[in-house]
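**Student:** When you get a sec, could you give me coordinates for this:
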Amino acid sequence: MRLMIVDDDQVILNGLAGIVKKFDISDSEIITAYDGVDALEKLKGKGADLVITDISMPGMNGLEFIREAKAYKYCSRFVILTGYDEFEFARQAIRYQVTDYLLKPINKNDLFNIIHKVDMELHGIDQHEKDMILPDIDVCKVTYDRNQCSDKMVKILEYIDDNYTLDISLNQAGRALDVHPNYICTLFNHDLGITFLYYVESVRLKKSIELLLSEMERPIKDIASVSGFMNERHFYKVFRKRLGSTPGQFREKYGSPK
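**Tutor:** Sure thing, here's the model as predicted:
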């Protein structure tokens with residue numbers, strides 16, 4: 001997505017750009033402009049998929065800028081930034097088929113919802129399609145029949161399920177359960193056909209996915225920590241290897257911000 005933000009207030013401009021970057025929208029490019037004239041110049045050539053613009057700007061106000069940008073077909077989706085005392089401008093913007101408007105101070109959830117919706121439109125994905133795709137993602141799940149597992153294996157699995165947030169290792173699990181690490185490896189291979197580490201990562205990934213989709217505003221770094229990953233870099237590495245995308249891309253594709 002190519003997104004442009006236009007505002008003559010440098011603090012607001014930088015702040016909005018910073019917020020959008022944290023949304024971690026895949027394949028996104030953020031362009032900023034300090035007024036309508038600057039914005040039109042930067043839109044030449046590539047245009048933009050979405051423009052978020054302030055209304056009150058010197059020289060050329062937001063509505064005049066939108067009119068010009070539409071005339072040159074630089075963009076078809078516009079969101080205006082407005083205060084309560086500028087609502088008459090917002091009403092006029094309807095005539096220009098503005099996609100939406102955001103009241104100042106900006107609500108991050110509202111901003112994310114608008115950008116997320118446009119991104120889904122660009123990728124041709126609607127909510128129904130997302131709901132159909134998500135249940136098929138089962139690489140983070142390990143199913144097993146406890147009746148077919150040894151009592152020792154069941155205790156090991158329960159230990160991991162209860163302590164996945166800790167820095168669990170084979171040696172630590174062995175000491176806690178009074179079992180030799182090599183025996184744990186043998187049990188995993190015999191009873192589940194996977195490794196000890198694979199199961200630990202599966203439990204952590206399952207928890208991280210629950211948090212990514214249920215707590216849209218929660219920082220990914222925080223989710224990595226509470227899910228048991230040693231650091232954010234390790235979380236990204238395991239997530240990409242097992243799910244084929246970064247946590248941010250996964251959240252963007254399957255999340256349902258409220």
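**Student:** what about the strands in this protein?
**Tutor:** Ranges of strands within the chain are 2-6, 29-33, 50-54, 78-82, 100-103, based on DSSP state E.
**Student:** hey, which of those strands is tucked in deepest?
**Tutor:** Of these, the one with the most neighbours on average (mean count of other CB atoms under 10 Å) is strand 50-54, at a mean of 26. Any C-beta I mention is one placed from the backbone N, CA and C, and that applies to glycine too.
**Student:** Quick check: can you name the pairing partners of that strand and their directions?
**Tutor:** The sheet places strand 50-54 alongside strand 2-6 (parallel), strand 78-82 (parallel), with pairing taken from DSSP bridges.
**Student:** how big is the angle separating it from strand 29-33?
**Tutor:** Per axes from the mean of the first three to the mean of the last three CA atoms, to 10 degrees, the angle that strand 50-54 makes with strand 29-33 is 30 degrees.
**Student:** quick revisit: looking at the strands of the chain, spot the one closest to Asp191.
**Tutor:** Set against Asp191 and scored by CB to CB, the strands of the chain come closest in strand 29-33, at 49.0 Å.
**Student:** Export that closest one to PDB, keeping only CA atoms.
**Tutor:** Written as PDB, here are the backbone C-alpha positions of strand 29-33 (Å, rounded to 0.1, in the frame of the first residue of the first chain):
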ATOM      1  CA  GLU A  29       5.200   2.900   1.800                       C
ATOM      2  CA  ILE A  30       4.400   6.100   3.700                       C
ATOM      3  CA  ILE A  31       4.800   9.500   2.100                       C
ATOM      4  CA  THR A  32       4.400  12.800   4.000                       C
ATOM      5  CA  ALA A  33       3.600  16.300   2.700                       C
END
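**Student:** That one pairs with which strands?
**Tutor:** Sheet pairing of strand 29-33 (DSSP bridges) gives strand 2-6 (parallel).
**Student:** which outside residues touch the strand it pairs with?
**Tutor:** Contacts with strand 2-6, where a contact means CB atoms under 8 Å, 6 or more residues apart in numbering, come from 13, 16-17, 20, 28-36, 38-39, 42-43, 46-54, 57, 62, 65, 75, 115.
**Student:** that older thread, now the strands of the chain as TSV including mean pLDDT and distance to Asn189?
**Tutor:** As requested, the strands of the chain are exported to TSV (pLDDT from 0 to 100; distance: least, CB to CB, whole Å):
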stretch	mean pLDDT	distance to Asn189
strand 2-6	96	49
strand 29-33	95	47
strand 50-54	94	51
strand 78-82	87	55
strand 100-103	80	55
